[in-house]
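Colleague: Next comes the sequence, and after it the predicted model I'd like to discuss.
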Amino acid sequence: MLFSNSESARLGNKMAINKMRVYKISGFKKHRTQSISRHVAILLLMFLNVQSAFGVSANISGKSALKAQTSDTAITTAIAKDLHYPKALLQLPDSSWLVAERDGTIVTVPYTVNSSGKPSSPQQAGSAQASARKTLAQQKLPLLQLYQKGQGGLLHMALSPDFSTSRIILFSYSKGTDDANRLAIMRGVLADDGQIKALTPVMEIKDSKATPVHFGGKLVAMKDGTWLVTTGDGFDYREQAQVLSSQLGKVLRFTLEGEPVSNVPFNNAPFVYTLGHRNPQGLVKMQNGDVYLNEHGPDGGDELNKLTPGANYGWPVVTLGRDYSGATISPFNHYEGMVNPLVDWTPSIAPSSMAIYNHNTFPALSNHLLVSALKAKALYAVDLSSQSFQYRKVFSSVNQRVRDVAVGNDGGVYVLTDGERAELIQLLPPNPFIAETNLD
């Protein structure tokens, strides 16, 4: 269901949307034993599974995320520290990591190797030493009019599908001023010396705003070489998420040259792929082409959705959360023509990113989405093989605000924590035996 500007205003009055919303622009609050017999090991593992089980339930359009068990056993190793407000994590084909900091700095973290020059095994990971930021290669990207206040800055990065030949990386960032800022996308080429060169503007959304929050900016490449990017509603502009002529509160689709694609859901809004989003953060594409997105609700109502071109995901007409002031945003938790979430997190967990896990290193996580959370200081695993999308906390040793999560080439889980002295943390099974038997 689409709304013109005038209809959106009337709907806003009908729902009594509180214009005195409360938010803060600055200062966003921002884990080998000795060898034992196989039978004893299995009993011990079963005990650990029960002891570390986490149960989370939710009321999701009649579905429930049922209580589930998971082993929490992993070697937790910080491989880089003292990172300055990092926003995104990206692994290169050579297994080194790029960390994007909000001020436009790219920090390169080499893959952990042992004295023989070979990648560290899970058993050796615990003895690895974290690299201090100042010892790592760094580059400050010359991003035009980079806007760093609030939730702004360099936001995300992604490899082009043809990276092996083109060496192209896409970057999203916020640009502008306090009175007029917006989301922008650039591309660069990773040179042989590790520097990102030939930075070229790709596109920027046409709507500017006067708030330093809700930029979106998560990028994902599609099979045909086109791209998706999330855009936030700007907080004070929530009604624009339902206005098709606005690019706020949307997922947009575009080419590497910044043009709309040929087949679009809305002829009069050729960049719009989906609408009705608040602050979309996690965005992933499965091998079969399915696209999943998570987003921040207000006070409650964080969501996981599967995207369908042209679909409307409801914000702010439909939400299971409330305004930060305590006011009701909408009387509707369902509206005809709008998509209900697959998962609703209430109270809020503040989802910040998402990754697909399909690897033998942690078999129990196969066919799961890993969701990082800021407020909950946790990682969640959402089971895609369950019709009710059961989810659970995993790796309780993290227990920090998690800004980004990625799955490494080694099958390990890598998390980027949040803040002024953040870390890049590696999670690997303690030994192959546990990796083979770590089943729910």
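Modeller: Structure's in. What do you need? Numbers count the residues shown, from 1 in each chain.
Colleague: So which residues of the stretch 51-200 of the chain form strands?
Modeller: Here the stretch 51-200 of the chain has its strands, by DSSP state E, counting those that start in this stretch, at 59-60, 63-64, 75-83, 86-91, 97-101, 105-109, 131-132, 137-140, 154-159, 168-176, 181-190, 196-204.
Colleague: Including mean pLDDT, could these go into CSV?
Modeller: Putting the strands of the stretch 51-200 of the chain into CSV (pLDDT from 0 to 100) gives the following:
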stretch, mean pLDDT
strand 59-60, 34
strand 63-64, 35
strand 75-83, 95
strand 86-91, 98
strand 97-101, 98
strand 105-109, 98
strand 131-132, 92
strand 137-140, 98
strand 154-159, 98
strand 168-176, 98
strand 181-190, 98
strand 196-204, 98
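Colleague: So which of those is nearest residue 314?
Modeller: Residue 314 sits nearest to strand 59-60 of all these, at 13.4 Å, using Cβ to Cβ. Every C-beta, even on glycine, is put in place using the N, C-alpha and C of the backbone.
Colleague: circling back: any chance of the strands of the stretch 51-200 of the chain in TSV, plus mean neighbour count and distance to residue 231?
Modeller: Conversion of the strands of the stretch 51-200 of the chain to TSV gives the following (neighbours: other Cβ atoms under 10 Å; distance: least, Cβ to Cβ, whole Å):
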stretch	mean neighbour count	distance to residue 231
strand 59-60	16	25
strand 63-64	16	28
strand 75-83	20	26
strand 86-91	23	16
strand 97-101	24	18
strand 105-109	20	23
strand 131-132	14	34
strand 137-140	14	25
strand 154-159	24	11
strand 168-176	23	10
strand 181-190	22	6
strand 196-204	16	10
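Colleague: Residue 302 is nearest to which of these?
Modeller: strand 59-60 (11.4 Å).
Colleague: on that earlier part again, closest to residue 304 out of the strands of the stretch 51-200 of the chain?
Modeller: Nearest to residue 304 among the strands of the stretch 51-200 of the chain is strand 59-60; the distance by Cβ to Cβ comes to 9.0 Å.
Colleague: Mind checking the strands of the stretch 51-200 of the chain for the one nearest to residue 399?
Modeller: Set against residue 399 and scored by Cβ to Cβ, those come closest in strand 75-83, at 9.9 Å.
Colleague: helices or strands up against that closest one?
Modeller: strand 97-101, strand 105-109, helix 122-125, strand 131-132, strand 422-428 (3 or more Cβ pairs under 8 Å, 6 or more residues apart in numbering; DSSP states H and E).
Colleague: circling back: take the strands of the stretch 51-200 of the chain and write them to JSON lines, including distance to residue 261.
Modeller: As requested, the strands of the stretch 51-200 of the chain are arranged in JSON lines below (distance: least, Cβ to Cβ, whole Å):
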{"stretch": "strand 59-60", "distance to residue 261": "32"}
{"stretch": "strand 63-64", "distance to residue 261": "33"}
{"stretch": "strand 75-83", "distance to residue 261": "36"}
{"stretch": "strand 86-91", "distance to residue 261": "24"}
{"stretch": "strand 97-101", "distance to residue 261": "26"}
{"stretch": "strand 105-109", "distance to residue 261": "29"}
{"stretch": "strand 131-132", "distance to residue 261": "41"}
{"stretch": "strand 137-140", "distance to residue 261": "32"}
{"stretch": "strand 154-159", "distance to residue 261": "17"}
{"stretch": "strand 168-176", "distance to residue 261": "16"}
{"stretch": "strand 181-190", "distance to residue 261": "15"}
{"stretch": "strand 196-204", "distance to residue 261": "12"}
